[in-house]
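Engineer: Test case, fold it:
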Amino acid sequence: MKEDHLDIWNSEQEFLVTEFKNHLEGLITKFFSQMIIDSDDKEKIKREIRDNYNVAGATCLVEILAERGEHVLPRIIKALKPTYNKVANRLEDRLAELKSERLYNERCPVQEH
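Structural biologist: Numbering: from 1, shown residues only. Have a look, this model is predicted:
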């Protein structure tokens, strides 16, 4: 992920794990069908679920998604819709805040004295 996207992702990790832990099968299927994760990832996540339960599986999924390329966050958001709108909307809101901050900083740069 881009550095600023990774900052968002990491700050939302607890929320993501909480939201993902009870929907892992559907999320795995969704991310696999969108080619965001591969069959090795699926097996790794399922092994975590089997050995350490859903929270570990959700944590594993969140960690894997963070490593799926620089432009993966918008793809993740798209894959989450419409089934997982709560998570998608929260991530979209965070991206909008980031964009707004960037625009403000470009228009009103900090001047050193």
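
Engineer: buried ones in the longest helix seen in the chain?
Structural biologist: Using DSSP state H, we find that the single longest helix of the chain is helix 39-66. Neighbour-count burial for helix 39-66, counted by 16 or more other Cβ atoms under 10 Å, picks out 41-42, 44-45, 48-49, 56-62, 64-66. No exception for glycine: its C-beta is placed from N, CA and C like everyone else's.

Engineer: Pick out whichever of the residues you listed sits closest to His5.
Structural biologist: Ranked by distance to His5 (Cβ to Cβ), the buried residues of helix 39-66 are led by Ala66 at 8.9 Å.

Engineer: Contacts made by stretch 13-30 with the rest, please.
Structural biologist: With Cβ atoms under 8 Å, 6 or more residues apart in numbering as the contact definition, stretch 13-30 has outside contacts at 9, 37, 42, 45-46, 49, 54-55, 57-59, 61-62, 79-80, 83-84, 86-87, 90.

Engineer: try stretch 34-47
Structural biologist: So stretch 34-47 is contacted by 24, 28, 31-32, 57, 60-61, 64-65, 68, 72, 75-76, 78-79 (Cβ under 8 Å, 6+ apart).

Engineer: With just CA atoms, put it into CSV.
Structural biologist: Provided in CSV are the C-alpha atoms of stretch 34-47 (Å, rounded to 0.1, in the frame of the first residue of the first chain):
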residue,chain,number,x,y,z
GLN,A,34,-11.3,-10.0,-7.2
MET,A,35,-7.7,-11.4,-7.4
ILE,A,36,-6.6,-9.5,-4.3
ILE,A,37,-5.6,-12.7,-2.5
ASP,A,38,-4.4,-15.9,-4.0
SER,A,39,-4.9,-19.6,-3.1
ASP,A,40,-1.8,-19.6,-0.9
ASP,A,41,-3.2,-16.7,1.0
LYS,A,42,-6.6,-18.5,1.4
GLU,A,43,-4.8,-21.5,2.8
LYS,A,44,-2.7,-19.4,5.2
ILE,A,45,-5.9,-17.6,6.5
LYS,A,46,-7.8,-20.9,6.8
ARG,A,47,-4.9,-22.5,8.7
